[in-house]
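# fold the following, please.
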Amino acid sequence: MTTYLTVVEAAEHLNTSVRFVRRLVADRRIAFHKVGTHVRIAVADLEVFVQASRVEAITYEGVRRDVSGAA
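Predicted coordinates for the structure are as follows:
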């Protein structure tokens, strides 16, 4: 069974502000469901958003590879 969160609960889950979650919904950067006038966000969709936003750490090898290819 899928668990759905309110905007306030989603903000708590992401440890962000409610305004940030509302902006994600308004910009359609995160999947959501409309139930009447209410917005609900699936926990799985929050996890997909977090994984898609992941940025890898900078490594010496990666910088060296990027610099050698720029010449």
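# now the helices for this structure?
Counting by DSSP state H, the chain has helices at residues 7-14, 18-26, 43-52, 60-70.
# so which of those is nearest Val35?
If you check each of those against Val35 by Cβ to Cβ, helix 7-14 wins as the nearest, at 12.2 Å. For every residue, glycine as well, the C-beta is placed using N, CA and C.
# can you name every helix or strand that the closest one contacts?
Contacting helix 7-14 under the criterion 3 or more Cβ pairs under 8 Å, 6 or more residues apart in numbering; DSSP states H and E are the following elements: helix 18-26, strand 38-42, helix 43-52.
# centre-most residue in the chain?
Central residue check for the chain by Cα atoms, centre = their mean: the C-alpha nearest the mean position is that of Phe49, 3.1 Å away.
# residues in contact with that one?
24, 29-31 (Cβ atoms under 8 Å, 6 or more residues apart in numbering).
# weed out the non-buried ones from those.
With burial judged by 16 or more other Cβ atoms under 10 Å, the buried subset of the contacts of Phe49 is 24, 30.
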